[in-house]
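*Asks:* predicted model, plus sequence, below.
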Amino acid sequence: MIAEVEVANKRAIQVKEQRKVEEKDLEQKIIDYNRAKAQREEEKAAELKRVKEEKEREVARLRELQEKAADRQAEIDALRAKRAFEEGERAAREKERRDLEHKQKVLKDMEDARQR
């Protein structure tokens, strides 16, 4: 009987040890799973951050292009306004010159008529 009890005890000890090993394996699997999950979440967050930064850079680039286009258009508009102003001044001076010539011609014609 003692031999049977010892055999039963050995089996019980072996079963206990097997359960401990299985529990340790299960705990390690859980730890590995949690570690992998955390790593996946980190990678996902990093990817989202990268995409967001890339979009922000693209928006900034487009905004810069838009500002350059607006600045260029403003320069073109300013140049057109300056040219239109200068053309207006030239036209006014030309009209003044023609009026003066006309007035001088009329005065000359009147002077000629008086002398005749």
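*Replies:* Okay, I see it. Residues are numbered from 1 along each chain as shown.
*Asks:* drop to CA atoms for contacts and neighbour counts, all remaining ones
*Replies:* Noted.
*Asks:* what about the helices in this protein?
*Replies:* According to DSSP state H, the chain carries its helices in the segments 2-115.
*Asks:* which residues touch the spatially most central residue of it?
*Replies:* Centroid check for the chain by CA atoms, centre = their mean gives Val59 as the closest residue, at 1.8 Å. With contact set as CA atoms under 8 Å, 6 or more residues apart in numbering, Val59 has no partners.
*Asks:* what pLDDT does it get?
*Replies:* Looking at Val59, its pLDDT is 98.
*Asks:* ok, it to Ala45 distance?
*Replies:* For Val59, the distance to Ala45 equals 21 Å [CA to CA, to the nearest Å].
*Asks:* now Asp99
*Replies:* 79 Å.
*Asks:* cool, and Ala81?
*Replies:* In terms of CA to CA, Ala81 sits 53 Å off from Ala45.
*Asks:* can you check Asp77 too?
*Replies:* 47 Å.
*Asks:* and if you look at Glu94?
*Replies:* On the measure of CA to CA, Glu94 and Ala45 end up 72 Å apart.
*Asks:* please apply the same query to Arg11.
*Replies:* Distance from Arg11 to Ala45, by CA to CA: 50 Å.
*Asks:* cool, Val7 as well?
*Replies:* Distance from Val7 to Ala45, by CA to CA: 56 Å.
*Asks:* same thing with Lys103?
*Replies:* Following CA to CA, the distance that separates Lys103 from Ala45 is 85 Å.
*Asks:* and what of Ala92?
*Replies:* Taken as CA to CA, the span from Ala92 to Ala45 is 69 Å.
*Asks:* measure Glu67 to Glu56 for me?
*Replies:* 16 Å.
*Asks:* oh, that last question was meant for Arg35, not what I typed.
*Replies:* Taken as CA to CA, the span from Arg35 to Glu56 is 31 Å.
*Asks:* same deal with Ala46?
*Replies:* Distance from Ala46 to Glu56, by CA to CA: 15 Å.
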